[in-house]
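In: quick one, structure for this:
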Amino acid sequence: MFPREHKESGRLFASMREYSGLFFGILLLFVFTILWFVPTALTIRKSASTLARESARRVGSNIESTMHRSADAIASAAEEVGITPDRYEFILKRLLGSEDGLQSVSLIGMDGSEMFHLDRIAVHKENMPLPQPAVAVVRNALAGEAGIGEIFFSDILEPRTYLAAPVRTIGKVKGVIVGEFNLRPLISFLQDTSLPEGHIYVVDKNGFQILHPELSEFLRHPNYLSRGIVQKVITERRVMDGLGALDGYKNDNGVTVFAVGMPLDVGGWSIFTEQPQSIAFASVWQTLFIALGIIVFGALALILLFRNHRFLVGSNIKLKEMLVDLDNSGKMLVRRDLDLSRANARLLELDDMKSQFVSTAAHQLRTPLTVLKWSLNELLEGDFGSLKKNQKELLTDVVAANKRLINLVNDLLDIARLEDDQGGMKMERQDIATVMKNVISQFQKVLKEKNIKFSFEHPRDSLYVVLDKEKMGIALYNLIDNAIKYTLPKGSILVTLVGVDKEIHISVKDTGIGIPEEEKERIFSKFFRAHNAMLMETYGSGLGLSVVKDIAEKHHGSIAFRKNEGSGSTFILTVPAA
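Out: Predicted coordinates:
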């Protein structure tokens with residue numbers, strides 16, 4: 001009896017070991033599949049988010065550039081009217097003719113009524129009350145702030161807005177130029193084909209849809225502030241990648257969608273892309289089915305393996321087939337990684353082509369602009385006969401515009417040379433004070449014209465720096481030029497040169513308009529100009545400080561900024577001493 005009970009007990013323990021091994025094997029298969037599936041699914045979701053954000057960024061950039069171009073054109077016209085008020089009718093006609101998006105332009109007096117109105121059918125009106133949608137933006141412009149008004153629909157159901165800029169004479173606001181801008185041409189930018197089964201739309205700062213690729217949706221003008229991602233982008237003004245738990249929503253057709261959004265630098269607008277989640281994350285579901293298949297078939301194989309050793313060979317074959325599938329999946333991921341690497345190489349190639357194009361275009365533009373400058377100066381100086389007063393005024397404006405174009409071309413050439421840098425840095429040991437004096441000498445005329453007090457303080461002993469004389473000269477020129485440009489007449493600029501330990505500090509301190517606190521983090525970005533700088537100086541490339549930063553870093557140095565107590569700014573360029 002005892003041997004029999006012992007045998008039954010042995011069978012029981014063997015069975016328990018067998019089933020525990022089966023359970024452990026299934027658990028390992030599940031863990032392995034989860035460890036493979038989770039990062040793969042996250043990568044697919046991030047790829048979908050990247051594609052959607054790139055589409056939104058590309059379309060948004062086109063919308064911003066179109067709106068900024070028209071806003072800049074109105075600001076430029078306002079500046080011209082401020083300089084030559086008797087030519088306002090000619091300036092407004094030229095503005096309306098050059099900007100296709102503008103439906104009408106008006107000159108507004110300080111009392112808020114229209115002094116002159118011009119639209120596409122050349123109807124003139126005087127002393128007319130302002131349309132209600134233009135009241136707020138005109139009021140802000142009379143207070144000295146250019147801007148974009150609220151969205152409204154015209155009589156023919158087109159979305160429109162008003163762009164306004166103050167007219168200043170000797171620094172004082174004397175009126176406003178306001179233009180009615182048609183937003184319907186912007187719809188063509190939304191016809192983006194890179195999103196499968198998706199579309200792009202734009203909302204204003206209150207959540208109302210103002211741009212949509214479909215006419216019926218375009219005219220419906222719904223409010224989407226109830227959508228979580230729309231509310232976040234509008235209130236927080238940051239890019240939402242669509243991967244948050246509450247970023248998705250059901251659209252008006254009841255379809256659950258994947259959406260991304262980002263703010264636009266225009267009137268508080270925001271842009272969004274939406275795709276059905278079933279389309280955007282189709283690869284995730286496919287990968288999930290593969291993972292479930294791996295778990296199910298793997299579990300069945302293990303059950304068969306543990307239930308009957310006779311099927312061991314057959315089970316091993318199935319397992320090998322599954323491993324082949326996994327290997328094919330891995331190869332597919334490798335191919336996708338290779339495709340991404342090739343795409344990245346193509347992007348780098350396109351970036352090089354962009355730099356070459358900018359350099360070539362700038363070189364080709366500088367020669368005719370310089371010839372035009374000489375010819376205009378000869379005309380202005382009377383070499384070909386005397387000019388009437390209005391001819392001389394017009395020619396003076398053209399000379400100033402030509403000078404701004406030459407400066408912009410020079411900035412583009414500086415950027416292209418720094419990005420290309422094929423010739424490398426021609427480094428040599430130089431007395432930095434001598435280099436600075438050569439740069440300062442170029443500003444004597446403009447300092448005298450603006451009646452600015454200029455001081456240059458430096459030690460008697462020479463301070464040597466290993467530098468590229470041409471590039472360091474460009475950096476110093478941009479720093480001093482910025483200080484002069486944004487310092488009002490009778491202001492002051494102090495340039496100091498000191499040696500601190502093993503570093504040379506070059507400080508440019510001015511009593512100018514300064515830089516707003518909320519914008520100081522972006523002042524060294526390409527093409528960025530502070531809001532108050534654009535109000536004071538309409539024209540400018542926004543490249544100067546980014547060039548200074550690039551040159552400082554190429555010299556193993558740095559550039560820093562601090563706001564002065566009272567008014568003005570101080571920029572400190574630091575380079576290693578030789």
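
In: bridge partners for Phe561, pull those for me.
Out: Phe571 (DSSP bridges).

In: for Glu457, see how far away it is.
Out: As judged by C-beta to C-beta, to the nearest Å, Phe561 and Glu457 stand 20 Å apart. Heads up, the C-betas are built off the backbone N, CA and C, glycines and all.

In: likewise for Glu521?
Out: For Glu521 relative to Glu457 (C-beta to C-beta), the value is 30 Å.

In: and for Pro213?
Out: 61 Å.

In: these two: which is more packed in?
Out: Between Pro213 and Glu457, counted using other C-beta atoms under 10 Å, the more crowded position is Pro213 (15 against 10).

In: hmm, Phe189 and the more buried one touching each other?
Out: No - distance between Pro213 and Phe189: 9.3 Å, which falls outside the contact criterion (C-beta atoms under 8 Å).

In: looking at it, Ile294 is touching Met322, isn't it?
Out: Yes - counting by C-beta under 8 Å, Met322 is a contact partner of Ile294 at 6.3 Å.

In: show me which of those two is the more surrounded one.
Out: Ile294 (20 against 16).

In: from Val324, how far off is that one?
Out: Distance from Ile294 to Val324, by C-beta to C-beta: 12 Å.

In: what residue is smack in the middle of the chain?
Out: With distances taken as C-alpha atoms, centre = their mean, Ser61 lies nearest the centre of the chain, 7.2 Å away.

In: quick check: which element contains that one?
Out: Taking DSSP states H and E as the definition, one finds Ser61 inside helix 2-83.

In: any stretches of the stretch 1-150 of the chain with poor pLDDT?
Out: 1-19, 21-22, 29, 33, 36-37, 122-127 (pLDDT under 70).

In: Ala245: what secondary structure?
Out: Secondary structure state of Ala245, per DSSP: H, G, I helix; E, B strand; the rest coil, is coil.

In: now do the phi/psi pair for it.
Out: Note on Ala245: backbone dihedrals following degrees, to the nearest 10 are phi -60, psi -30.

In: next, count neighbours for it.
Out: 6.

In: I'd say Leu380 and Thr396 touch.
Out: Yes - contact criterion C-beta under 8 Å: Leu380 and Thr396 qualify, at 6.8 Å.

In: need the contact list for the residue nearest to Arg184 when sequence neighbours are not counted.
Out: Using C-beta to C-beta, 6 or more residues apart in numbering and skipping residues adjacent in sequence, the residue nearest Arg184 is Glu158, 4.9 Å away. Under the criterion of C-beta atoms under 8 Å, 6 or more residues apart in numbering, the neighbours of Glu158 are Asn182, Leu183, Arg184.

In: do you know how far the closest residue to Asp265 other than its chain neighbours is from Leu264?
Out: Spatial nearest neighbour of Asp265, chain neighbours left out: Glu64 (5.4 Å); criterion: C-beta to C-beta, 6+ apart. Distance of Glu64 to Leu264, given as C-beta to C-beta: 6 Å.

In: before we move on, what about Asn253?
Out: 25 Å.

In: of these two, who's got more company?
Out: In terms of neighbours (other C-beta under 10 Å), Leu264 is the more surrounded of Asn253 and Leu264; the figures are 20 against 7.

In: any idea how far the host helix or strand of Thr161 is from the middle of the chain?
Out: Under the criterion of DSSP H and E, Thr161 resides in strand 159-169. Relative to the mean C-alpha coordinate of its chain, strand 159-169 is positioned 23 Å out (C-alpha atoms, centre = their mean, to the nearest Å).

In: repeat for stretch 49-60
Out: Its chain's C-alpha centre and that of stretch 49-60 lie 12 Å apart, by C-alpha atoms, centre = their mean.

In: can you tell me what sits against that stretch?
Out: 189-190, 192, 194-195, 198, 200, 239, 241-243, 258-262, 264, 271-273, 275, 280.

In: filter those residues to the buried ones?
Out: For those, a burial check counting by 16 or more other C-beta atoms under 10 Å picks out 189-190, 192, 195, 198, 200, 241-242, 258-262, 264, 271-273, 275, 280.

In: give me the nearest residue to Lys490, chain neighbours excluded.
Out: Asn451 (5.3 Å).

In: nope, Ile432 is what I meant
Out: In space, and not counting its chain neighbours, Ile432 is closest to Val465: 4.7 Å by C-beta to C-beta, 6+ apart.

In: isn't there a helix covering the one you found?
Out: No - Val465 is assigned strand when assessed by three-state DSSP, not a helix.

In: what about it, how many neighbours?
Out: Val465 has 23 nearby residues by other C-beta under 10 Å.

In: residues in contact with it?
Out: Arg429, Gln430, Ile432, Met472, Ile504, His555, Val575, Pro576, Ala577, Ala578.

In: equivalent analysis for Met436, please.
Out: Phe456, His458, Leu476, Val495, Leu497, Ile506.

In: heading C-terminal from the worst-scoring helix or strand of the chain on mean pLDDT, find the next helix or strand.
Out: Lowest mean confidence among the helices and strands of the chain (mean pLDDT, DSSP states H and E): helix 531-536, at a mean of 63. Following helix 531-536 in sequence order, the next helix or strand is helix 544-554 (DSSP H and E).

In: now that following helix: buried residues?
Out: Those would be Gly544, Leu545, Ser546, Val547, Val548, Lys549, Asp550, Ile551, Ala552, Lys554, for helix 544-554 by 16+ other C-beta under 10 Å.

In: and if you look at stretch 375-383?
Out: Neighbour-count burial for stretch 375-383 flags Leu376, Leu379 (criterion: 16+ other C-beta under 10 Å).

In: pull the distance from that stretch to the chain's centre.
Out: The answer for stretch 375-383 is 41 Å, by C-alpha atoms, centre = their mean.

In: how close does the residue lying closest to Gln277 once chain neighbours are set aside get to Ile493?
Out: Nearest residue to Gln277 in three dimensions, chain neighbours excluded: Phe258, at 4.7 Å (C-beta to C-beta, 6+ apart). In this view, Phe258 and Ile493 are 54 Å apart by C-beta to C-beta.

In: Gly544 too?
Out: Computed with C-beta to C-beta, the distance linking Gly544 and Ile493 is 16 Å.

In: likewise Ala143?
Out: 30 Å.

In: of these two, who's got more company?
Out: Per other C-beta under 10 Å, whichever of Ala143 and Ile493 has more neighbours is Ile493, with 21 against 10.

In: what strand or helix carries that one?
Out: Using DSSP H and E, the element containing Ile493 is strand 492-500.

In: just to revisit the earlier point, what's the most distant pair in the contacts of Met436?
Out: The most widely separated members of the contacts of Met436, counting by C-beta to C-beta, are His458 and Leu476 (12.8 Å).

In: hmm, Leu494 and Ile506 touching each other?
Out: No - in this structure Ile506 lies outside contact range of Leu494 using C-beta under 8 Å: 11.7 Å.

In: neighbour-wise, which of the two wins?
Out: Set side by side, Ile506 and Leu494 show more neighbours around Ile506, with 27 against 17, by other C-beta under 10 Å.

In: quick check, pLDDT for the residue lying closest to the more buried one once chain neighbours are set aside.
Out: Among residues not flanking Ile506 along the chain, Leu573 sits closest, at 4.3 Å (C-beta to C-beta, 6+ apart). We have a pLDDT of 96 for Leu573.

In: helix/strand/coil for Leu573?
Out: Going by three-state DSSP: Leu573 is strand.
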